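S.K.: give me a 3D structure for the following:
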Amino acid sequence: MSTRNVRFVGGPLDGRVQDLRDHEAVAGRLLRHIHLHDGPKIETQYELHYTPEHGWVYHLCGTQP
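M.R.: Numbers count the residues shown, from 1 in each chain. All right, here's what the predicted structure looks like:
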């Protein structure tokens with residue numbers, strides 16, 4: 001199983017880079033992140049995209065208080 005990097009754009013994970021496994025590399029895949037630090041729970045959703053220029057990127061697609 002190989003891995004590659006994926007970058008986050010927007011929201012609390014903006015700028016984060018992490019490994020993306022082969023089975024996770026599916027365009028349109030949604031990732032849910034729940035932020036619990038110093039305040040109310042905030043849920044954000046990211047959608048995975050691929051472009052030849054930037055590679056794999058999770059774009060912020062929603063926030064729920």
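S.K.: any stretches of the chain with poor pLDDT?
M.R.: 1-3, 63-65 (pLDDT under 70).
S.K.: most centrally placed residue in it?
M.R.: Residue closest to the mean C-alpha point of the chain, counted by Cα atoms, centre = their mean, is residue 58 at 3.7 Å.
S.K.: for it, what are its contacts?
M.R.: Counting by Cβ atoms under 8 Å, 6 or more residues apart in numbering, residue 58 touches 6-9, 13, 31, 46-49. In short, each C-beta sits where N, CA and C put it, glycine included.
S.K.: hang on, isn't residue 15 packed against residue 57?
M.R.: No - taking contacts as Cβ atoms under 8 Å, residue 15 lies outside contact range of residue 57: 11.4 Å.
S.K.: the two: which is more packed in?
M.R.: residue 57 (17 against 8; other Cβ atoms under 10 Å).
S.K.: tell me which element the more buried one falls in.
M.R.: Following DSSP states H and E, the helix or strand that holds residue 57 is strand 55-64.
S.K.: residues of that strand that come out buried?
M.R.: Neighbour-count burial for strand 55-64 flags 56-58, 60 (criterion: 16 or more other Cβ atoms under 10 Å).
S.K.: show me which pair in the residues you listed is furthest apart.
M.R.: 56 and 60 (14.9 Å; Cβ to Cβ).
S.K.: related to what we said a few turns ago, report the buried members of the contacts of residue 58.
M.R.: Among the contacts of residue 58, those buried by neighbour count (16+ other Cβ under 10 Å) are 6-8, 13, 46, 48-49.
S.K.: tell me the one of the residues you listed nearest residue 38?
M.R.: residue 13 (16.3 Å).
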